[in-house]
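> Next input, structure requested:
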Amino acid sequence: MLSRDDIFSELGIGPVWRLRETAPGQPAPAAYSWDTLADAVARCTACKLSATRTQGVLGVGDRNADWLIIGEAPGAEEDAQGEPFVGQAGKLLDAMLASVGLKRGDNVYITNVLKSRPPGNRNPEPDEVAACRPYLLAQIELIQPKLILALGRFAAQTLLDTDEAIARLRGRVHGFQGVPLVVSYHPAYLLRNLPDKARAWEDLCLARRTYKSLTPDP
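Predicted structure coming up:
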């Protein structure tokens with residue numbers, strides 16, 4: 001009998017996430033409502049980041065969105081404003097969304113793997129990811145997206161439980177419990193590496209084609 005991982009492999013949609021594990025002492029994702037989730041993120045002291053952040057950054061956008069965009073962690077401006085993907089990286093993300101007929105808050109929800117800013121924008125540590133895992137899973141449970149777009153190496157590797165380079169992960173459709181997942185570059189990376197904008201455009205086109213295949217025109 002095929003295992004769940006074997007079935008996903010046969011379907012060609014990549015490895016299954018291992019994010020279903022809930023940290024001890026935290027509610028299961030399905031136990032949250034939007035109000036209790038927002039309160040939990042605001043009050044969270046599950047990892048050391050609570051001592052250095054300004055505020056928890058839950059996410060922003062349409063809570064019934066078909067598109068769920070997941071980045072890495074809040075930066076300095078996000079920590080100050082309480083919203084993910086602001087500043088120059090946020091402006092580029094908005095332009096990327098507009099290029100495929102989308103806009104922030106309209107059938108799009110934006111969040112990060114971590115809800116608190118790591119000092120100096122360093123990479124998140126495993127215990128920090130584990131502490132935030134239930135919050136991200138709760139968002140996915142509540143939103144029920146049709147497509148997930150993972151932006152950046154860390155988000156992609158965390159969500160897909162892999163150490164493969166982003167160059168090997170992009171260009172194909174992965175999946176999480178039947179939800180297609182497409183990998184692309186983080187807007188902050190693209191600001192420093194302009195030639196990769198063409199590849200990011202290819203990823204967005206793949207995401208759009210995948211989404212349209214799930215929601216055909218009447």
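> quick one: the helices in the protein?
Along the chain, the stretches classed as helices by DSSP state H are 4-11, 34-43, 76-81, 87-99, 126-143, 153-160, 166-169, 187-192, 197-214.
> average model confidence for the first one?
Mean pLDDT, taken over the full extent of helix 4-11, equals 37.
> again with the second one
Across helix 34-43, the average pLDDT comes to 96.
> For the most centrally placed residue in the chain, list the residues it contacts.
Among the residues of the chain, residue 70 comes closest to the average C-alpha position under C-alpha atoms, centre = their mean, at 1.6 Å. Shown in contact with residue 70 (C-beta atoms under 8 Å, 6 or more residues apart in numbering): 111-113, 136, 148-151, 155, 159. All C-beta atoms are positioned from the backbone trio N, CA, C, and that covers glycine.
> again, 7 Å this time
Counting by C-beta atoms under 7 Å, 6 or more residues apart in numbering, residue 70 makes contact with 111-113, 148, 150-151, 155, 159.
> Which two among those are spaced furthest apart?
The largest separation in those, counting by C-beta to C-beta, is between 112 and 148 at 13.0 Å.
> So which of the helices of the chain is nearest residue 53?
helix 76-81 (5.8 Å).
> CA atoms only: put that closest one into CSV for me.
Output in CSV follows, covering the C-alpha atoms of helix 76-81 (Å, rounded to 0.1, in the frame of the first residue of the first chain):
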residue,chain,number,x,y,z
ALA,A,76,12.2,46.4,10.4
GLU,A,77,9.5,48.2,8.6
GLU,A,78,7.0,45.3,9.0
ASP,A,79,7.8,45.1,12.7
ALA,A,80,7.1,48.9,13.0
GLN,A,81,3.9,48.9,10.9
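> gap between it and the chain center?
When distances are taken as C-alpha atoms, centre = their mean, to the nearest Å, helix 76-81 is centred 18 Å away from the chain's centroid.
> Over to stretch 120-130?
For stretch 120-130, the distance to the chain centre is 15 Å (C-alpha atoms, centre = their mean).
> Let me have the contacts of residue 70 in JSON lines, extended by pLDDT.
Converted to JSON lines, the contacts of residue 70 look like this (pLDDT from 0 to 100):
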{"residue": "111", "pLDDT": "98"}
{"residue": "112", "pLDDT": "97"}
{"residue": "113", "pLDDT": "96"}
{"residue": "148", "pLDDT": "97"}
{"residue": "150", "pLDDT": "97"}
{"residue": "151", "pLDDT": "97"}
{"residue": "155", "pLDDT": "91"}
{"residue": "159", "pLDDT": "89"}
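> out of these, who's nearest residue 93?
Closest approach to residue 93 among the contacts of residue 70 (C-beta to C-beta): residue 151, at 7.7 Å.
> Could you report the neighbour count for the closest one?
Other residues near residue 151 come to 29 when the count uses other C-beta atoms under 10 Å.
> Residue 164 too?
Neighbourhood size, residue 164 [other C-beta under 10 Å]: 14.
> show me the residues around it that make contact.
Neighbour list for residue 164: empty [criterion: C-beta under 7 Å, 6+ apart].
> swap the cut-off to 8 Å and go again
By C-beta under 8 Å, 6+ apart, residue 164 lies in contact with residue 157.
> hang on, the earlier thing: give the bridge partners for the residue nearest to the centre of the chain, please.
residue 111, residue 150 (DSSP bridges).
> From residue 153, how far off is it?
Residue 70 sits 13 Å away from residue 153, going by C-beta to C-beta, to the nearest Å.
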